[in-house]
Structures are given as C-alpha cells and as structure tokens.
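# what's the 3D shape of this:
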Amino acid sequence: MEEKNNSYVQLALDLHQVSRQISHYLEAIWVADGYKEIKMGHLQALLQLKRGNYTNNELAKFSDITKQSMSRIVKDLVEVGYIQFQDHPTDARAQSLSLSKKGWSFAHYLDTLSLRENIDFEGLRLNLSRFKEDLEKAR
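The predicted structure follows:
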C-alpha cells in the first residue's frame, strides 16, 4: 500500500510541475505577442467574463477560489485595463464586472492563438479529463 501511496504523491508532484511548465510556456508566448500583464491565474476570470457579466463573488465561486483571491485578480485586471466595473443590473449595492475592449482583444487572441510548437496539448487535456472523471468516481 505504501508503494501505491508514493505513486499518488509522485503523480501529484508531476502534475504540478507540468502545470507550472505549461503556464511558463504560455505566458512567454503572451509576452512575445504583447500581453505582458496577463498571468495564468488571470485566465479563469477573463474566460468566465467572455460568457457575460459577473460579480466578484460569482467569479470566485466559478473559479473555486476565495473571494479575497478573486478580488486581487480583479484588482490586477482592472489596473491593467482588461476588465471594468459597471452598475449591477438588479442590485444597486453590487457592481458587475465585464471585459473591457482590451479584455475582448485578449479573449479573441486566445481564440485564434496557434501554438508555435508541436506539443499535443489537446491529447494531454483529453487524458487529464478522463483522469479527473476517474478520480471523481473513486470518491
């Protein structure tokens, strides 16, 4: 059993390392293409805002992070001009967030981005998706 537990720990470490490598790889491409302010941690908020306007708390829930962590992400993205605040349509006490023109430009860029190297990210994504499903079934 100890050997099996060690393999789970090693897998977790390997996945973390691969995730960091992918983040560094993509961030380097974004910088080269003029999007130096964007970090991997910003993506969940930006991609969710492509679907519509949301409050900070809604974005935090979708991203499965704390409200405080999302507030830092939102603050960063507002400061560099990728998202903007606007009045909430139904709650006068709340503010809604939306992509700015610069945010929409980056979202479009992501949609059309062609990776410059022959790395099978789609195959990796499919395998990880199956692995995630297996983990959820095992709970």
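
# Run through the helices of the protein in chain order.
Using DSSP state H, the helices found in the chain span residues 2-32, 43-49, 56-63, 67-79, 101-112, 121-138.

# now, of those helices, which is deepest in the fold?
helix 43-49 (a mean of 19; mean count of other Cβ atoms under 10 Å). Backbone N, C-alpha and C define where each C-beta goes, glycine included.

# which other residues reach that helix?
38, 54, 59, 62-63, 65, 70, 73-74, 77, 82-83, 97-99, 103, 106-107, 110 (Cβ atoms under 8 Å, 6 or more residues apart in numbering).

# Kindly present the helices of the chain as TSV, with separate columns for mean pLDDT.
Below are the helices of the chain laid out as TSV (pLDDT from 0 to 100):
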stretch	mean pLDDT
helix 2-32	86
helix 43-49	95
helix 56-63	95
helix 67-79	97
helix 101-112	93
helix 121-138	84
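
# Quick check: which of these is nearest to residue 87?
helix 56-63 (14.3 Å; Cβ to Cβ).

# ok and the closest one relative to helix 67-79, angle-wise?
Angle of helix 56-63 versus helix 67-79, following axes from the mean of the first three to the mean of the last three Cα atoms, to 10 degrees, is 110 degrees.
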